[in-house]
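In: With the input below, show me the fold.
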Amino acid sequence: AQSALDLLCSAYPNVSTTDAFLNAAESRTELIKDTAETILDKACMLESTLDIVLPLTACLPIPIHASTTITADGHYCLAQHTNGFIQISSNNVLLDLADHTLTNNSGNAITVDPNFRNITIHSGTVQTTATNAYGILVNDECADIQLQNIKTFASTDAQAGIAFLGTNLFPIKNVTLDNCSTYSAQYGIQSNFVENGAMSNSNCSYSEIGILIQSSTKWQITDSIASYNTNAGFGFQGSTNNQCKNCKAVANKNLLSTDNVFGFISESGSGNSFDHCIAQDTITGSTNYWDVAAGFVLTSDETCSKIINCCALNQFAPSSLAVGILLQPSLNLSTNTSALVDSIEVVAWSPDGKYLAVGSEFGSDDLRIYAYTNQQCTTPTLTLIDQRSIINVISLAWSPNGSYLAVGMNNTIDDLVVYAFDPTKPALNTLT
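Out: Model prediction:
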């Protein structure tokens, strides 16, 4: 006991009493305990950090080093920069490119075969230099496709950087793209027969058309940019109920060839909208008077589409039309009116705008009445409802209430005929 006490005293040479000795020992014990707790806390923090970092950086569980066809579900990872292709023929595939580049000089870099779903591809670069090839191609009847943090580079002969090619019978459903970029190829991002798509924070440059939505419905494109494309930045063709919001079409231009250039265009579709978008520096170098440089375009066969709170700046065409917004009106005539094109002498609208009287100077039925319809989201039409065989009509006039039509003629029989018009039948009845 005395030896033990002598040993402790030697550890605390400045302690002269038993109580002071015990206090010093207790203080040293608390210091050791605090130090141990601090080390344990730091170890727990380190373990937590590793839990977060390891799944994102490790190439687990199935690494890819060369051309591969994936035929089983799972998590795959591109382990290095690779020359070759990846073909996906399975449901439930997560493909992590792990910030590497996949290059295929003879075909598509990544292909998703038809009728597979729940495919995610993220975090890397794909390249193709082959003619008519795709950086990433998703085929018909696929569903639940996600692309995130993807860059594609392609030759000008390639078809598209990223393409979703469904069919009328087998569309692609539920597509999501975020932070994707395309460079070159005919189209940057191409959608054909896709139902329900979402695209955000993406950039498509140096193609003919940056983002092309064909025969598709319910795309929501937000905060994306199309620049330096030679024909159009954003294009909707034959598509319905799609929206571009907070998007920019910048410096889309073609200085070398004769062609139209558009920032945003929607044609042959319905219910599409451009909302809070900007078109800037849309330029064509064409000297043809019929070529156009326009920031926003709704074509004549587009119905019920909108341009909302948008801005168009610096459109230029040296010898033709340069406009911020171009709306092309149309009137779809019924087949019965086509024969009168060469011989119409005079026309007159009824006061309510619902009927059109057409007079001809040469022909067997020189007076015709058409009903005009222009319902919301439909193409205006003229439908023949009555006609009269009178000769050489040269003037027409409706009464203020639309109940009578006066017809002036240039012939030897009658110079003036007045008809009563009944819109409930509708029909003409001769008064004089």
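In: Going by C-alpha atoms from here, please, whenever you check contacts or count neighbours.
Out: OK.
In: Verify the contact between residue 121 and residue 97 for me.
Out: Yes: using CA atoms under 8 Å, residue 121 is in contact with residue 97, at 7.4 Å.
In: So between these two, which is more surrounded?
Out: residue 97 (25 against 21; other CA atoms under 10 Å).
In: Distance check, the more buried one against residue 243.
Out: Residue 97 sits 30 Å away from residue 243, going by CA to CA, to the nearest Å.
In: again, but for residue 251
Out: From residue 251 to residue 243 the distance is 21 Å (CA to CA).
In: got the contact list for residue 140?
Out: Shown in contact with residue 140 (CA atoms under 8 Å, 6 or more residues apart in numbering): 113-115, 164-167, 170-172.
In: Let's see which of these end up in helices.
Out: Judged by DSSP state H, the contacts of residue 140 include no members of helices.
In: Neighbour count and pLDDT added to the residues you listed, as CSV?
Out: Shown next, in CSV, are these (neighbours: other CA atoms under 10 Å; pLDDT from 0 to 100):
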residue, neighbour count, pLDDT
113, 17, 98
114, 19, 98
115, 17, 97
164, 25, 98
165, 21, 98
166, 23, 97
167, 16, 97
170, 16, 97
171, 21, 98
172, 31, 98
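In: between these, which is nearest residue 105?
Out: residue 113 (19.7 Å; CA to CA).
In: my guess is the closest one contacts residue 136, does it?
Out: No: here residue 113 does not reach residue 136: they are 11.1 Å apart, not a contact under CA under 8 Å.
In: ok, then the element right after the helix or strand of the chain with the lowest mean pLDDT?
Out: Least confident helix or strand, the chain: strand 332-333 with a mean of 46, by mean pLDDT, DSSP states H and E. Later in the chain than strand 332-333, the nearest helix or strand by DSSP states H and E is strand 344-349.
In: Please save the CA atoms from that next one in PDB.
Out: Provided in PDB are the C-alpha atoms of strand 344-349 (Å, rounded to 0.1, in the frame of the first residue of the first chain):
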ATOM      1  CA  ILE A 344     -65.900  35.500-107.500                       C
ATOM      2  CA  GLU A 345     -67.100  39.000-108.100                       C
ATOM      3  CA  VAL A 346     -68.400  40.100-104.700                       C
ATOM      4  CA  VAL A 347     -68.700  38.900-101.100                       C
ATOM      5  CA  ALA A 348     -70.700  40.200 -98.200                       C
ATOM      6  CA  TRP A 349     -70.800  39.200 -94.500                       C
END
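In: Number the residues from 506 up from this point.
Out: New numbering, starting at 506: the last item is strand 849-854.
In: The next helix or strand after it pairs with which strands?
Out: Where DSSP H and E defines the elements, the next helix or strand beyond strand 849-854 is strand 860-865. As defined by DSSP bridges, the strand partners of strand 860-865 come to strand 849-854 (antiparallel), strand 872-878 (antiparallel).
In: Among the contacts of residue 645, which lie within strands?
Out: Within these, residues falling in strands by DSSP state E are 669-670, 677.
In: mind listing what residue 704 touches?
Out: Neighbours of residue 704 in contact, by CA under 8 Å, 6+ apart: 681-683, 724-727, 729.
In: average pLDDT across the helix or strand harbouring it?
Out: With elements taken from DSSP H and E, the one containing residue 704 is strand 699-705. For strand 699-705, the mean per-residue pLDDT is 98.
In: Next secondary structure after it?
Out: Counting by DSSP H and E, what follows strand 699-705 is strand 708-710.
In: packing partners for that following strand?
Out: strand 686-688, strand 692-697, strand 730-732 (3 or more CA pairs under 8 Å, 6 or more residues apart in numbering; DSSP states H and E).
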